[in-house]
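# here are the coordinates; sequence isn't available:
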DNA sequence: CTGTTAGCGCTTTCAT
DNA sequence: ATGAAAGCGCTAACAG
């Protein structure tokens, strides 16, 4: 209790508060010293609840995530946590159950004023989400996608990542490059497809519809998509996600195609899974942790009235070369 | 604001509070109705901060986790989140950075009285953790291990899971069964080794030291451990974790041993990774989500003064049969 | 059955 | 430079 510290130092609580909060206070050095020592001795830490009530700021931010066990989100949380802690904020995680509408959940917590702002990492953009965001009483920031009319978004540069992946394959001599796409309706899936097309175009290659299969974000989808791509006889594949790539690996194995001997495979996103499969996957590493950090910093800026900058579209961190890609030597 | 609701309903705030909090209140039905309608109309939700200050309870619990991207922890968080929400508590995640001492982090938050209790999922038990726990001002519960003198622990029944795995291999006719162990000093690694030995013993088989290799919890460790096991010519392996199993798969592949043709492989813990590798792994599924749930319920009981029960040691959920195990047909 | 009163721990004018 | 006083929004005695 502050009162204890004040008593111990022989001053009024208000004076102790001034010192301990580091206000621009005019306090005599001796008094300051006495108070600081007393606080130290009593291991004083301000009661966050009382502060929050008085200041009308909780110094906590909430984060809505659709899945915890997806490395993309868990690393994003890591980045957010670090940035929050850095700025003295606590991070409250709200795991959005598959059923629940994204911000329905948040809304309840929002109304109870437990947090000063929201980080929203929604799986999908839908009208319901938009509506919910509009009713939020506190600032918010959207992660992992851009959305029109949202104060701040932090997203990955999907097109650049896709280009980087495809350019790698091109540099290895591949010309028939297939794409296992994410959801073609979604922000991220769309961006990756676009980058894939841009890279081919820049290399003077035509894009063939039969070289693109929507695989979604599951192993089964990846396996199934790969099977559909096989007849087109690609010599290399750019998979939109690690999970889809793992599925592709399975189909290729079943079909008797050796990786990377018969076909090269590169995936977007890096993570432990890339080293667990055989062969280990060459990937494009994305700054997911940074995305969490950037979003959190922007949110805190918003909360503290320092308006946020424009949306952050984060460039890929680079290629991680492993064993799943190799030069094309065959006669195509 | 409560005052608004009270005004709208033409009553005193205290009366509105009584009704809205569902206190055992003697309030006339009409008054109650007026208040409830007013609250509805104004979309009233109590300010959690003010409540917390008044009640000296935040209705939030904190959870310390060493890693977010480990499926064991992410599913545990999921279970905790559900139980917390069910009981009206918010869940505050504190990601323990590799460097930071487990509860050092918690301690700061603890002193600020942001949470009513702690869920501690520590990676390791050490003296520092014990000391830190002892200084906590609020109740806590330890997950993923048992610790002497801790009010409540929720852990997995490692021995039972190991027995289940080994018994499966035995039932397939295997007799030379190796074990890729976790950390042999750790609670979980030790329990798994014990169960492995128990199952062999129950089957009247001797345990051979050369059939056990400490692999830790990394791919590299698993690969390396498997290499050390090879000379002993096991016909089946029980791996303490999925990650170690994935590493083992790599070594086996490099050594030219076919799975499950030449050797069977079963791992503890089930998760997405089991289906990503080739062949898909047979596993023992563990109730990690339930562990989070049970721990949270016990913590809330502790917080609310209903003393918690004895430690919960959770039995495995069962065998998940995939393609990495097969009957032993060779001449051993 | 309902209103009055006090106070949770802190910060911030406003006085002195 | 420091103290006194008020109040953030809510709940729980205590009165009536």
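Looks like it arrived, so ask away. Note that the coordinates shown come from a computational prediction; the quantities given were computed from them, not determined experimentally. Numbering: from 1, shown residues only, chains lettered A, B, ... in the order given.
# the strands in the stretch 101-250 of chain A, which residues?
For the stretch 101-250 of chain A, applying DSSP state E, counting those that start in this stretch gives strands covering A:118-120, A:140-143, A:153-156, A:177-181, A:212-214, A:236-239.
# want to try CSV for the ones you listed, with distance to residue A:321 and mean pLDDT as columns?
Quick note: C-beta positions are derived from backbone N, CA and C, even for glycine. Listed next are the strands of the stretch 101-250 of chain A as CSV, based on distance: least, C-beta to C-beta, whole Å; pLDDT from 0 to 100:
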stretch, distance to residue A:321, mean pLDDT
strand A:118-120, 33, 94
strand A:140-143, 28, 94
strand A:153-156, 20, 96
strand A:177-181, 17, 98
strand A:212-214, 25, 98
strand A:236-239, 14, 98
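# who in the stretch 1-150 of chain A is up against DNA strand D?
A:10-15, A:18, A:25-28, A:30-32, A:53-54, A:56 (C-beta under 7 Å from any atom of the strand).
# what's the closest non-adjacent residue to residue A:253?
Residue nearest to residue A:253 in three dimensions, not counting chain neighbours: residue B:278, with 5.8 Å by C-beta to C-beta, 6 or more residues apart in numbering or on different chains.
# among the helices and strands of chain A, which one scores worst on average pLDDT?
When each helix and strand of chain A is scored by mean pLDDT, DSSP states H and E, helix A:102-111 comes last, with a mean of 69.
# before we move on, the earlier item: looking at the strands of the stretch 101-250 of chain A, which is closest to residue B:312?
Among the strands of the stretch 101-250 of chain A, strand A:118-120 comes nearest to residue B:312, with 32.9 Å by C-beta to C-beta.
# Out of the strands of the stretch 101-250 of chain A, which is the most enclosed?
Comparing those by mean neighbour count (mean count of other C-beta atoms under 10 Å in any protein chain shown), strand A:236-239 comes out on top with a mean of 30.
# Quickly list the domain ranges of chain A.
Domain ranges of chain A: A:2-46, A:59-156+A:287-314, A:158-286, per automatic domain parsing.
# Worst mean pLDDT among those?
Averaged per stretch, pLDDT over these is lowest on domain A:59-156+A:287-314, reaching a mean of 87.
# Mind checking what secondary structure the closest residue to residue A:263 other than its chain neighbours has?
Spatial nearest neighbour of residue A:263, excluding adjacent residues (C-beta to C-beta, 6+ apart): residue A:257 at 5.2 Å. Using DSSP: H, G, I helix; E, B strand; the rest coil, the structure places residue A:257 in coil.
# Now the phi/psi pair for residue A:257, please.
phi -90, psi 130 (degrees, to the nearest 10).
# And it, how close does it get to DNA strand D?
Using C-beta to the nearest atom of the strand, to the nearest Å, we find residue A:257 at a distance of 64 Å from DNA strand D.
# What distance do you get for that residue to residue A:300?
Relative to residue A:300, residue A:257 is positioned 49 Å away (C-beta to C-beta, to the nearest Å).
# now residue A:49
Distance of residue A:49 to residue A:300, computed by C-beta to C-beta: 20 Å.
# and if you look at residue A:263?
From residue A:263 to residue A:300 the distance is 46 Å (C-beta to C-beta).
# now residue A:245
Taken as C-beta to C-beta, the spacing of residue A:245 relative to residue A:300 amounts to 36 Å.
# who has more neighbours, those two?
The neighbour comparison of residue A:245 against residue A:300 (other C-beta atoms under 10 Å in any protein chain shown) goes to residue A:245, with 32 against 23.
# these two touch, right, that one and residue A:180?
Yes - counting by C-beta atoms under 8 Å, residue A:245 touches residue A:180, with 7.2 Å between them.
# okay, now the spatially closest residue to residue A:79 that is not a sequence neighbour: neighbour count?
Excluding the flanking residues, the one nearest residue A:79 by C-beta to C-beta, 6+ apart is residue A:292, at 3.0 Å. Using other C-beta under 10 Å, residue A:292 has 29 neighbouring residues.
# Show me which residues of chain A sit near DNA strand C.
Chain A comes close to DNA strand C at residues A:1-3, A:13-14, A:17-18, A:20-21, A:23, A:46-47, A:50-51, A:53-55, as judged by C-beta under 7 Å from any atom of the strand.
# again, 10 Å this time
Taking C-beta under 10 Å from any atom of the strand, the part of chain A that reaches DNA strand C is made up of A:1-6, A:12-26, A:44-57.
# Show me which of these are buried.
A:2, A:5-6, A:15-20, A:44, A:46-49, A:51-53, A:57 (16 or more other C-beta atoms under 10 Å in any protein chain shown).
# For residue A:271, pull up the helix or strand it's in.
According to DSSP states H and E, residue A:271 maps onto no helix or strand at all.
# Could you verify my assumption that it touches residue A:69?
No - using C-beta under 8 Å, residue A:271 is not in contact with residue A:69; the gap is 11.4 Å.
# higher neighbour count, the two?
The neighbour comparison of residue A:271 against residue A:69 (other C-beta under 10 Å) goes to residue A:271, with 22 against 18.
# Which single residue in chain A comes nearest to DNA strand D?
Across chain A, the shortest distance to DNA strand D (C-beta to the nearest atom of the strand) belongs to residue A:26, at 2.2 Å.
# Helices of chain A, start to end?
For chain A, the helices defined by DSSP state H cover A:2-9, A:13-20, A:29-41, A:48-55, A:71-86, A:102-111, A:127-135, A:158-171, A:187-202, A:219-229, A:242-255, A:273-276, A:288-303.
# Give me the distance between the fourth one and the centre of its chain.
Centroid separation between helix A:48-55 and its chain, computed with C-alpha atoms, centre = their mean, to the nearest Å, is 30 Å.
# Give the closest residue to residue A:119 in space, chain neighbours not counted.
Leaving aside its chain neighbours, residue A:119 sits nearest to residue A:63 (4.1 Å; criterion: C-beta to C-beta, 6+ apart).
# Same question for residue A:276.
Counting by C-beta to C-beta, 6+ apart, residue A:276 lies nearest to residue B:246, which is 4.1 Å off, once chain neighbours are set aside.
# For the one you found, give me its contacts.
By C-beta atoms under 8 Å, 6 or more residues apart in numbering or on different chains, the contact list for residue B:246 reads A:276, A:277, B:219, B:222, B:273, B:277.
# can I get these in JSON lines with neighbour count and distance to residue A:109?
Shown next, in JSON lines, are the contacts of residue B:246 (neighbours: other C-beta atoms under 10 Å in any protein chain shown; distance: C-beta to C-beta, whole Å):
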{"residue": "A:276", "neighbour count": "23", "distance to residue A:109": "36"}
{"residue": "A:277", "neighbour count": "25", "distance to residue A:109": "38"}
{"residue": "B:219", "neighbour count": "21", "distance to residue A:109": "38"}
{"residue": "B:222", "neighbour count": "30", "distance to residue A:109": "41"}
{"residue": "B:273", "neighbour count": "23", "distance to residue A:109": "32"}
{"residue": "B:277", "neighbour count": "25", "distance to residue A:109": "39"}
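# Any chance of TSV for the residues you listed, columns distance to DNA strand D?
Shown next, in TSV, are the contacts of residue B:246 (distance: C-beta to the nearest atom of the strand, whole Å):
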residue	distance to DNA strand D
A:276	50
A:277	53
B:219	51
B:222	53
B:273	46
B:277	52
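# For these, give me TSV that also has distance to residue B:204.
Shown next, in TSV, are the contacts of residue B:246 (distance: C-beta to C-beta, whole Å):
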residue	distance to residue B:204
A:276	36
A:277	38
B:219	34
B:222	29
B:273	34
B:277	33
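# And those, which two are furthest apart?
That would be A:277 and B:222, which, of these, are the farthest apart (C-beta to C-beta) at 13.7 Å.
# Count the residues that sit near the residue lying closest to residue A:168 once chain neighbours are set aside.
In this structure, residue A:168 finds its nearest non-sequential neighbour in residue A:319, 5.7 Å apart by C-beta to C-beta, 6+ apart. Using other C-beta under 10 Å, residue A:319 has 18 neighbouring residues.
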